[in-house]
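In: Attaching a predicted model along with its sequence, questions to come.
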Amino acid sequence: MANGVDTRPLLEEQYHNFMEKAANIKYTDSRLAEFFERKATKIDKILKDLSQ
């Protein structure tokens with residue numbers, strides 16, 4: 001990143017948190033689970049872009 005801070009660990013933590021939230025709420029509120037999964041997918045894409 002521009003300020004020299006490695007954001008990868010933070011993004012990985014957010015990714016795992018969103019996936020865990022989605023898994024925990026999947027059968028209670030499927031729409032909220034889908035929201036968390038979409039957020040995780042976006043973060044995963046950012047992580048993959050950073051790897052290139």
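Out: Cool, the structure landed. Residues are numbered from 1 along each chain as shown.
In: Tell me the confidence at Gln52?
Out: As summarised for this prediction, Gln52 has a pLDDT of 84.
In: What about it, how many residues nearby?
Out: The number of residues packed around Gln52, counting by other CB atoms under 10 Å, is 4. No exception for glycine: its C-beta is placed from N, CA and C like everyone else's.
In: was I right about Ile43 contacting Gln14?
Out: Yes - here Ile43 lies in contact with Gln14, judged by CB atoms under 8 Å, at a distance of 5.5 Å.
In: Between the two, tell me which one has more neighbours.
Out: Set side by side, Ile43 and Gln14 show unequal neighbour counts under other CB under 10 Å, the larger going to Ile43 at 20 against 17.
In: show me what contacts that one?
Out: Taking CB atoms under 8 Å, 6 or more residues apart in numbering as the contact definition, Ile43 lies against 11, 14-15, 18.
In: Quick check: buried residues in stretch 17-34?
Out: Going by neighbour count (16 or more other CB atoms under 10 Å), the buried part of stretch 17-34 is 18-19, 21-22, 25, 33.
In: ok, residues contacting that stretch?
Out: Residues from elsewhere that reach stretch 17-34 (CB under 8 Å, 6+ apart): 36-37, 39-40, 43.
In: For Ala23, see how far away Ile46 is.
Out: 21 Å (CB to CB, to the nearest Å).
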